[in-house]
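Novice: below are the sequence and a predicted model for it; my questions follow.
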Amino acid sequence: MNKFTNFNFKALVFGAAIAGAFILFGWQINDWLYPFASIGLLYAGYGQNNWIEGTLSGAIASTPIIVLTFQGYMGQFDGFFLTQNGMIALAAMILIIGAFVGFVGAWTKRSREKALEQQAKIGKNKNKKKNKNKK
């Protein structure tokens, strides 16, 4: 069986592109744009069907952030982060944060779908359907 039949690759690609673009915008324009890279990771997680796929896609979508960080687009390194262990720790931290943000995106989608189902049970059209059946 193919486990990736329902995997949304478009959300993963666009999420990674948005994350990388905001890192580049932050480097070119102003530093306060760096945190908005998480929008891409949220989108990558939100586009998936369950929270496991959302977590994985959030981690995968954070790889452009790792590449751009090591190329110097997030500033200069000093101290611990110049060592090999520091670079591995930094990459692991970015992947873990990306996975968490992707999980939050997938969890948000699941919560929204549940809320829409609940709203359909309570909504305005419920009384109209009952009135049609009585006539």
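Specialist: Now that the structure is in, tell me what you want to look at. Just so it is clear, the model here is predicted, and its values are computed rather than measured.

Novice: contacts and neighbour counts: CA atoms only from here.
Specialist: Fine.

Novice: okay, buried residues for the lengthiest helix in the chain please.
Specialist: When the chain is parsed with DSSP state H, its longest helix is helix 84-122. In terms of neighbour count (16 or more other CA atoms under 10 Å), helix 84-122 has its buried residues at 87, 90-91, 94-110.

Novice: same question, stretch 33-49
Specialist: So for stretch 33-49, counting by 16+ other CA under 10 Å, buried means 33-34, 36-49.

Novice: with stretch 21-28 instead?
Specialist: Neighbour-count burial for stretch 21-28 [16+ other CA under 10 Å]: Ala21, Phe22, Ile23, Leu24, Phe25, Gly26, Trp27.

Novice: okay, these in TSV with secondary structure next?
Specialist: TSV is the format used below for the buried residues of stretch 21-28 (DSSP: H, G, I helix; E, B strand; the rest coil):
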residue	secondary structure
Ala21	helix
Phe22	helix
Ile23	helix
Leu24	helix
Phe25	helix
Gly26	helix
Trp27	helix
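
Novice: give me the low-pLDDT residue ranges for the chain?
Specialist: Confidence mapping of the chain against pLDDT under 70 gives the ranges 1-4, 123-135.

Novice: Leu56: which of the buried residues of stretch 33-49 is nearest?
Specialist: Closest approach to Leu56 among the buried residues of stretch 33-49 (CA to CA): Gly45, at 8.1 Å.

Novice: which secondary structure elements does the helix or strand hosting that closest one contact?
Specialist: Under the criterion of DSSP states H and E, Gly45 resides in helix 38-46. Counting contacts by 3 or more CA pairs under 8 Å, 6 or more residues apart in numbering; DSSP states H and E, helix 38-46 is packed against helix 9-28, helix 51-61, helix 84-122.
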